[in-house]
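K.L.:
model the structure of this input:
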Amino acid sequence: MTEVKSRREMYSEATRAALLDEATALFAGRGYAGTSLEDVASASQVTRGAVYHHFASKQALFEAVLQRQEARAMEAVTAAAAAAPDPWDAANLALDAYLRQCCDPTYGRLVWLEGPAALGWRRWRECERNYAYGLVERFIRDLVDGGYLEDRAFDTLVQFTFWMLGGAGLAVAEAPPPDKARVRDEWGHLIGQAIAALRIK
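P.N.:
The predicted structure follows:
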């Protein structure tokens, strides 16, 4: 039986979504340090108390924004990979989709530039592992099970791949807009070469 939400619940969800939308735009435009909760409240046309009703602090709000960015990115990567039944082809499509996500100025700035500063290195790494790490692990497992990669030092191979992708994300995010496509392609080529060198069939 489908649960019917009350008007108050729907309003609360709409308010939270509006806060996340406005916070995303402000954090991406001004940076974490340059954005206050008052700015977010004003942009969302709610009181500061309404912001605190949904988020305990500016850091908690930023973390929710970051999580939404990562969830959307991982959905795009997964959808791209689903177009290819072969694990090798799927992994290459996933890599391309991921690097294209990194070219998005909002995703790039929030995840790779503002994230570590806003959350601290340790918490930011935990957030990245909660989203990207599991997906990388799944793709590497598919390549191993498909006979493309040797089933040896699996956890280290996942970490190696995860940090290569992280390096690419940071490099693309830091690149000036005119250079992002070139940097993306260069990293994509090098990561592809690195993984291809490990291929056993």
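
K.L.:
now the nearest residue to W112 once chain neighbours are set aside, what's its secondary structure?
P.N.:
Residue nearest to W112 in three dimensions, not counting chain neighbours: A173, with 3.8 Å by Cβ to Cβ, 6 or more residues apart in numbering. (Each C-beta comes from the backbone N, C-alpha and C, glycine too.) Judged by DSSP: H, G, I helix; E, B strand; the rest coil, the three-state class of A173 is helix.

K.L.:
A173 is in contact with G108, isn't it?
P.N.:
Yes - contact criterion Cβ atoms under 8 Å: A173 and G108 qualify, at 3.5 Å.

K.L.:
joint contacts of those two?
P.N.:
C102 (Cβ atoms under 8 Å, 6 or more residues apart in numbering).

K.L.:
shaky segments in this structure?
P.N.:
Scanning the chain for pLDDT under 70 picks out the ranges 1-5.

K.L.:
skip the chain neighbours and tell me the closest residue to the residue nearest in space to the middle of it.
P.N.:
The centroid of the chain falls nearest to E70 when counting by Cα atoms, centre = their mean (2.9 Å). Distances taken as Cβ to Cβ, 6+ apart place Y131 nearest to E70, at 4.0 Å, with adjacent residues excluded.

K.L.:
skip ahead from whichever strand or helix holds E70 and say which helix or strand is next.
P.N.:
If you go by DSSP states H and E, E70 is part of helix 58-81. Remark: after helix 58-81, the chain's next helix or strand is helix 87-103, criterion DSSP H and E.

K.L.:
now find how far off-centre whichever helix or strand comes after that following helix is within its chain.
P.N.:
Next along the chain after helix 87-103, taking DSSP H and E as the criterion, comes helix 105-107. Mean C-alpha position of helix 105-107 versus that of the full chain (Cα atoms, centre = their mean, to the nearest Å) differs by 10 Å.

K.L.:
how distant is the helix or strand harbouring E9 from the center of its chain?
P.N.:
According to DSSP H and E, E9 maps onto helix 7-30. Counting by Cα atoms, centre = their mean, helix 7-30 is centred 19 Å from the centre of its parent chain.

K.L.:
over to stretch 161-175?
P.N.:
In terms of Cα atoms, centre = their mean, the centre of stretch 161-175 is set 11 Å apart from its chain centre.

K.L.:
next: stretch 65-79.
P.N.:
Its chain's C-alpha centre lies 5 Å from the corresponding centre of stretch 65-79 when counted by Cα atoms, centre = their mean.

K.L.:
domain ranges for this protein?
P.N.:
For the chain, automatic domain parsing gives the domain ranges 1-55, 58-196.

K.L.:
which residues sit in contact with R109?
P.N.:
R109 is in contact with F27, A28, G31, A173, counting by Cβ under 8 Å, 6+ apart.

K.L.:
can you list the buried residues in the strand or helix carrying Q193?
P.N.:
Per DSSP H and E: Q193 is located in helix 180-196. Residues of helix 180-196 classed as buried by neighbour count (16 or more other Cβ atoms under 10 Å): K180, V183, R184, W187, G188, I191, I195.
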